[in-house]
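Novice: Any chance you can model this:
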Amino acid sequence: MIASLRTGFIIILLLAAHDMHAQKPLVEYVNTLQGTNSSWDFSYGNVYPTIALPFPMHSWSPQTGKNGDGWKYTYNATTIRGFEEVHQCSPWMGDYGVFSLMPVTGKLKVNEEERAAAFKHENETAKPSYYKVKFDNGITAEISPAERSACMRFSFPKEDAFLVFDGYTKFSAIQIIPQEKKIVGYVTNGIFIPKEFKNYFVIQFDQPFVAYGTWSNKDSSIHANNLSDSGEQRGAYIQFKKGASVNAKIASSYISPEQAALTLKQELGGYKKFEEAKTAADKAWNDLLGRVKVEGGTEEEKATFYSCLFRASLFSHKFYEIKEDGSPYYFSPYDAKIHDGYMFTDNGFWDTFRAQFPLSNILHPAMEGRYMQSLLDAQQQYGFFPTWSNPGMSGVMVGNHAISLLTDAWIKGIRTFDPQKALEAYFHEATNKGFWGGSNGREGHEYWFSLGFIPYKEVSESGAKTLEYAYDDWCAYRLAKLTGNTFYENVFARQMFNYKNIFDTTVGFVRGRTKTGEWAPQHFDPAEWGDPFTEGNPWQWTWSVFHDINGLIKLMGGNEKFNAKLDSLFTAPNVVKYGSYGHEIHEMKEMVLQGMGQYAHGNEPVQHAAYLYNYSRQPWKSQRQLREIMARIYNAGPDGFPGDEDQGETSSWYVLSALGLYAVCPGTDQYVIGSPVFNKITITLENGKQFIIEADNNSAKNVYIQSAKLNGVNYKHNWIKYDDIINGGTLHFEMSDTPNTTRGIDDADKPYSVSGTRSDASKASDR
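Specialist: Okay, the predicted model is just below:
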């Protein structure tokens, strides 16, 4: 009996320990230092340890790099020089509307180099809802965010205590109000901003000022007792009593000083203590992360998954603010006017149409509905769709992918916009060249409609543009077909197969072609990077026919040859030829380090390739390859990404792939099936329903799907419809270490291709 009681007691303790472990707050799995071990010549993410709520207007970050440096925080740095309000979506694009605070003890130092304080990572806590660092000099800094504001706390040792405000690289205007323990003003900095842009800020402190003044970075001058200043690279400082613990509430607005003050009241006015802000931020993240509950897998896999889900939930940034009556309005970065409604920004669609938006269409359809209307609003305000907003128009990268976002939303039932206006706007996009860059409007549109491809050397990156324009025109064709618009259906049906015009059957790859029809360059090496392709080579770009993989299979000579070529992508010599770049770029170095042949996951054009065996009667190869990619090149540490994270794209790829799903072709209602990482995944949808993915016998070795059932019915398809997810249900897999080579090999099991072999290919997705 005693032995039995002892055994029972041990079991109870183990169950209790397991239950406590299971109840670990999901935000604790997130490491915001993931991907921060990066530099301009090598990227493990090129991100900063973002402190923010989901899809915020403002984020916050410790700053180790110089003002104006795109690499705000690098893991190998040993000093921090400030705590910034940040909006940066890529180090290659720069930031805007930036200012920072930095605590200083002992002698006042305002220059960013001189005030920098040493720290160690073991004295740093980096979570989405809370950042803390204890500097070697004894100062402790803490931050907790809200959507458009933040609470900061600075605890000083028993020495003189200063806070230095830095107005960053361009113009700033500052007013110190000692009797109100407040600093107000605005900053104007950034590249892609209208001249009218201002970021108005208010900083409210809870401690009286002992002394104060302003300073200029231009000449390193300090002006004690000065209450206001304005100009290039200006700042301010406040002195507090020795050993003070100073709380600061910070809010800012693109609309007005009054709105900044209102935002501070709306978001932070109810918090009497710093801990209340942290508790609210913790809840916001735990609620969001808890909508995708994973079970099974290792603790490391959970950390990677939730760190990626965090990154996938930051961009696009909100660019709207809330009036006193609760309604939204915004300063437009496109026409510099104030408008009612919603606006979003800080996103490059060349990256994010592939995974980030398809993931958000599952998790955040209400937000996506607002977003789609804001795209049309932006187009009306500027004359062209945004392609990479930061916060205004830039035209960086290639393609016209706003139409992909709109079409993908429409087919998934997110119908908050007028499709006729969307098609009219896209027609204008496809037949005109805008003022910014290669993707603002359509560069080479005259050639596109006359030759059926973009000619080599007449327009840079001609091969990449040909492939992306063909897909985008298919999206327009698709939206027109779905909405009964025969005029635009006929217009864009003519161009969606143009990808075939740059596929050279003699070499089995896409390549450049001159306006007179000759292949170029004359010598062909598929390992050669650059023009006619963007940040890649033919090995990576040949697969970029999202809407017609079946057509690509036919060009390659059928399934057997297609599979052999796809096998070779992962096994070809892991070498780089610099091509038109003439030197090594970071994407090349990252591909070589990953050691997976010519597969370069660190850049977007090839990220869907591992799923393509689903189209060619060998889905088990996708299952194996995807699990290898996830295990090999993702983790939750500073080296956590295989290249630029790109506004949630690379992290969204992991989140979707870990679920066992991926949108190879946004614009269809299908998610292609891969191999889930976890034994059970429960997705709680906005409509309150749950979609559950079960994978019995799943493990690092058991990566192959033996059988599947959807809601209890045997399921052989290599894809699942959006409606089956959003309406709730259960997708059940039996996993094994041995591939099932007879499952998912029929024509009906293949995902959508516009030239699909089965007669119901279109009907299955057109609904």
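
Novice: Only C-alpha atoms from now on, for both contacts and neighbour counts.
Specialist: OK.

Novice: Go ahead and flag the most central residue of this structure.
Specialist: Centroid-nearest residue in the chain, with Cα atoms, centre = their mean: residue 648, separated by 1.6 Å.

Novice: OK, contacts around it?
Specialist: Counting by Cα atoms under 8 Å, 6 or more residues apart in numbering, residue 648 touches 311, 312, 313, 314, 315, 352, 356.

Novice: Specify which member of these is nearest to residue 657.
Specialist: The shortest approach to residue 657 among the contacts of residue 648 belongs to residue 356, at 11.9 Å (Cα to Cα).

Novice: Excluding residues flanking it in the chain, which one is nearest the residue nearest to the centre of the chain?
Specialist: residue 312 (4.1 Å; Cα to Cα, 6 or more residues apart in numbering).

Novice: I'd assumed residue 649 was in contact with the one you found.
Specialist: Yes - contact criterion Cα atoms under 8 Å: residue 312 and residue 649 qualify, at 6.9 Å.

Novice: shared neighbours of those two, anything?
Specialist: residue 356.

Novice: which of the contacts of residue 648 lies closest to residue 460?
Specialist: Looking across these and measuring by Cα to Cα, the closest to residue 460 is residue 352, at 22.3 Å.

Novice: From residue 387, how far out is that closest one?
Specialist: 10 Å (Cα to Cα, to the nearest Å).

Novice: more neighbours, these two?
Specialist: Neighbours around residue 352 and residue 387, counted as other Cα atoms under 10 Å, are more numerous at residue 387. The numbers are 29 against 25.

Novice: Was I right to think the more buried one contacts residue 405?
Specialist: No - assessed by Cα under 8 Å, residue 387 is found out of contact with residue 405, at 11.0 Å.

Novice: and the closest residue to residue 446 other than its chain neighbours, what does it touch?
Specialist: Closest residue in space to residue 446, ignoring its immediate chain neighbours: residue 431 at 7.5 Å, by Cα to Cα, 6+ apart. Residue 431 makes contact with 441, 442, 445, 446, according to Cα under 8 Å, 6+ apart.

Novice: how about the second one, what does it touch?
Specialist: Okay, so that is residue 442. Residue 442 touches 399, 400, 429, 430, 431, 432, 433, 434, counting by Cα under 8 Å, 6+ apart.

Novice: hmm, try it at 7 Å
Specialist: If a contact means Cα atoms under 7 Å, 6 or more residues apart in numbering, then residue 442 has 429, 430, 431, 432, 433 as its contacts.

Novice: Any of those buried? List them.
Specialist: Burial by neighbour count, judged by 16 or more other Cα atoms under 10 Å, picks out 429, 430, 431, 432, 433 from the contacts of residue 442.

Novice: in the sheet, who's paired with the last one?
Specialist: Listed by DSSP bridges, the beta-bridge partners for residue 433 are residue 441.

Novice: can you tell me which residues contact it?
Specialist: Shown in contact with residue 433 (Cα under 7 Å, 6+ apart): 440, 441, 442, 443.

Novice: Reformat those as CSV; add pLDDT.
Specialist: As requested, these are exported to CSV (pLDDT from 0 to 100):
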residue, pLDDT
440, 91
441, 94
442, 95
443, 93
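
Novice: Any chance of a markdown table for those residues, columns distance to residue 52?
Specialist: As requested, the contacts of residue 433 are arranged in a markdown table below (distance: Cα to Cα, whole Å):
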| residue | distance to residue 52 |
| --- | --- |
| 440 | 30 |
| 441 | 33 |
| 442 | 35 |
| 443 | 37 |
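
Novice: which of these lies closest to residue 233?
Specialist: residue 440 (31.9 Å).

Novice: I'd say the closest one and residue 393 touch.
Specialist: No - the pair residue 440 / residue 393 is not scored as a contact, 8.1 Å apart, by Cα atoms under 7 Å.

Novice: closest to residue 347 among the buried ones among the contacts of residue 442?
Specialist: Using Cα to Cα, residue 429 comes nearest to residue 347 of those, at 18.4 Å.

Novice: gap between that closest one and residue 435?
Specialist: Residue 429 sits 12 Å away from residue 435, going by Cα to Cα.

Novice: what do you get for residue 597?
Specialist: As for residue 597, its distance to residue 435 is 39 Å (criterion: Cα to Cα).

Novice: repeat for residue 689
Specialist: From residue 689 across to residue 435, the span is 45 Å (Cα to Cα).

Novice: helix or strand for the residue nearest to residue 651 when sequence neighbours are not counted, which one?
Specialist: Nearest residue to residue 651, sequence neighbours excluded (Cα to Cα, 6+ apart): residue 308, at 4.6 Å. Here residue 308, judged by DSSP states H and E, is contained in helix 299-311.

Novice: What is that helix packed up against?
Specialist: helix 649-659 (3 or more Cα pairs under 7 Å, 6 or more residues apart in numbering; DSSP states H and E).

Novice: Need the mean per-residue confidence for the helix it packs on.
Specialist: On average, the pLDDT along helix 649-659 is 98.

Novice: Run through who's touching it.
Specialist: 305, 308-309, 311-312, 351-352, 355-356, 359, 630, 645, 662, 674, 676-677.

Novice: Equivalent analysis for stretch 481-499, please.
Specialist: 452, 453, 466, 467, 470, 471, 473, 474, 476, 477, 480, 766.

Novice: Confirm residue 276 sits in a helix?
Specialist: Yes - assessed by DSSP: H, G, I helix; E, B strand; the rest coil, residue 276 belongs to a helix.

Novice: Roughly how far does it sit from residue 130?
Specialist: In this view, residue 276 and residue 130 are 12 Å apart by Cα to Cα.

Novice: Looking at the two now, which is surrounded by more residues?
Specialist: Neighbour count, other Cα under 10 Å: between residue 276 and residue 130, residue 130 has more, with 23 against 15.
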